[in-house]
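how would this look folded up:
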Amino acid sequence: MSAALGIGPVAAALGEGLAWFLTPEPVLLARGEGFATFGPQHLAVLACCLASFSLLLRRYCRLPAGLAPGSPRRRMLVATSAVPLALLASRDVALAADGLLVPIFWPLHVCNLCEYLALAYALTCDSGAGEPVGEVLFAWGATGGLSALLFPGWSYCPILTYASLGGFAEHTLLLVCAWAPVAGGDFSPSVRRSWIPALAALLAGALFRLANPVFDTNFFFVTRPLSNTPFEAFADLLGNPGYLVPYALGAYGVWIAWYALAAHLPLSYHASEARGRRR
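Here you go, the predicted structure:
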C-alpha cells in the first residue's frame, strides 16, 4: 500500500486516510497537487490564520503586563514559541525515519531560524541578550511570517495535509511571537537598532549564498527567488544576483514600516481594548 500511495513506512503504518494526511512533504513536492496562491482554499486558511492571530494577540495583551520569570505573559510566550518547533520537529523526525530528510528540507530556512529566535527571546527576554534577540525576531519574524503566509513555499501540498496546515500554524504562531510583546508594551523595537537585524541578515545571506550551491538548496532565497513572488520579476529584469538588491531594499523597507507601526501599536491597541471594556 505504501508504494501505491507513494508514502513512507511511517505514514503507511497508520492507515490510508491518516497516511494521506501525513504524506511526507518530499512526496507531495513530487506530485505537485497543491493549492493556488490566493485561490479560495488559500484565502479560507488565511482567514483562519488571521482570526487565530487576533485571538492570541488579544489574549496576551489581557494578561498582566511584564515578562518576569513565571509571569503569565512569559509562560504564554514560551508555550507559543515551543509549538512551532514541535510541529517542525514532528515533520523532520518523520522525514528522517522515512529516509526523506534531504538538504532542501533541513530546518535552516529563514522562518525556521525565526522560530529558534522566538524561543530564545522567550527564554532571555529579561536579560541583556533579550534586546538584540528581540530586534532580530521582530524584523525577521514579522516579515518572514507574513510573507510565508501570503506566498507559502509549501503550496505544492494539498491544503488539508499535515505539511500544509502545519506550515500555516507555524507561521501564524511566529507572527504572534514577533508582535505580542510589542502590542503588549513589553518590548519596544527601535529603528536605531535596525542595524542588528540588517547585519544578521547580511551575514546569514552571505553564508547561505556560499553554502546553497554545495547542497543544492535555496535557504534565505539568496540563490534564486522564491517562485510565485514578485522577486521572480526582478530576477527576469535584473538577473541573478541582481534581484538581491531589490530583495534587500524591499525587506529593509518593510522593516521600517513595522518599526513605524510598532511605535504606535501599544497605545492604540490598549486604547481599543479600554473602549471595548467600557462597552
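
pLDDT on stretch 263-273, on average?
Stretch 263-273 shows a mean pLDDT of 61.

and what of stretch 245-258?
The average pLDDT within stretch 245-258 is 94.

got it, and stretch 69-85?
For stretch 69-85, mean pLDDT is 97.

gap between that stretch and the chain center?
Put simply, stretch 69-85 sits 17 Å off its chain's centre (CA atoms, centre = their mean, to the nearest Å).

with stretch 134-142 instead?
Counting by CA atoms, centre = their mean, stretch 134-142 comes out at 11 Å from the chain centroid.

what about the helices in the stretch 101-250 of the chain?
Counting by DSSP state H, counting those that start in this stretch, the stretch 101-250 of the chain has helices at residues 110-124, 130-136, 142-150, 162-183, 195-215, 231-238, 244-278.

just those: most buried one?
For these, the largest average neighbour count (mean count of other CB atoms under 10 Å) is found in helix 162-183, namely a mean of 24. In short, each C-beta sits where N, CA and C put it, glycine included.

packing partners for that helix?
helix 40-62, helix 72-97, helix 110-124, helix 142-150, helix 244-278 (3 or more CB pairs under 8 Å, 6 or more residues apart in numbering; DSSP states H and E).

kindly recompute the last result at 6 Å.
With contacts defined as 3 or more CB pairs under 6 Å, 6 or more residues apart in numbering; DSSP states H and E, helix 162-183 has these neighbours: helix 40-62, helix 72-97, helix 142-150, helix 244-278.

turn those helices into TSV, including distance to Ala19.
Output for the helices and strands packed on helix 162-183, formatted as TSV (distance: least, CB to CB, whole Å):
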stretch	distance to Ala19
helix 40-62	21
helix 72-97	11
helix 142-150	26
helix 244-278	38
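
so which of the ones you listed is nearest Ala120?
helix 72-97 (8.4 Å; CB to CB).

and the angle from the closest one to helix 142-150?
50 degrees (axes from the mean of the first three to the mean of the last three CA atoms, to 10 degrees).

okay, buried residues for helix 72-97 please.
72-74, 76-78, 80-81, 83-85, 87-88, 91-92, 94-95 (16 or more other CB atoms under 10 Å).

tell me the confidence at Ser155?
pLDDT at Ser155 comes out at 94.

ok, Val133 next?
97.

please apply the same query to Glu33.
So, for Glu33, pLDDT stands at 87.

what's the helix or strand for it?
Assigned by DSSP states H and E, Glu33 belongs to neither a helix nor a strand.

what's the closest non-adjacent residue to it?
In space, and not counting its chain neighbours, Glu33 is closest to Pro158: 6.0 Å by CB to CB, 6 or more residues apart in numbering.

please apply the same query to Val78.
Among residues not flanking Val78 along the chain, Ala122 sits closest, at 4.5 Å (CB to CB, 6+ apart).

nearest to Leu56, out of the helices of the stretch 101-250 of the chain?
Nearest of the helices of the stretch 101-250 of the chain (CB to CB): helix 162-183, 4.7 Å.

next, the angle from that closest one to helix 110-124.
50 degrees.

now do helix 162-183 against helix 40-62: the angle between them, please.
Using the same axes, to 10 degrees: helix 162-183 against helix 40-62 is 30 degrees.

using CSV, write out every CA atom in stretch 59-79.
Extracted as CSV, the C-alpha positions of stretch 59-79 are listed here (Å, rounded to 0.1, in the frame of the first residue of the first chain):
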residue,chain,number,x,y,z
ARG,A,59,-5.3,37.0,25.0
TYR,A,60,-1.6,38.1,25.5
CYS,A,61,-2.5,41.7,25.9
ARG,A,62,-5.2,40.9,28.5
LEU,A,63,-2.7,39.1,30.7
PRO,A,64,-0.9,41.1,33.4
ALA,A,65,1.9,43.2,31.9
GLY,A,66,5.5,42.2,32.3
LEU,A,67,7.8,39.3,31.3
ALA,A,68,9.3,38.4,34.7
PRO,A,69,10.1,34.7,35.1
GLY,A,70,7.0,32.7,35.8
SER,A,71,4.7,35.6,34.8
PRO,A,72,1.6,34.7,32.7
ARG,A,73,2.9,36.5,29.6
ARG,A,74,6.3,34.9,29.9
ARG,A,75,4.6,31.4,30.1
MET,A,76,2.5,32.2,27.1
LEU,A,77,5.5,33.3,25.1
VAL,A,78,7.4,30.1,26.0
ALA,A,79,4.4,27.9,25.0
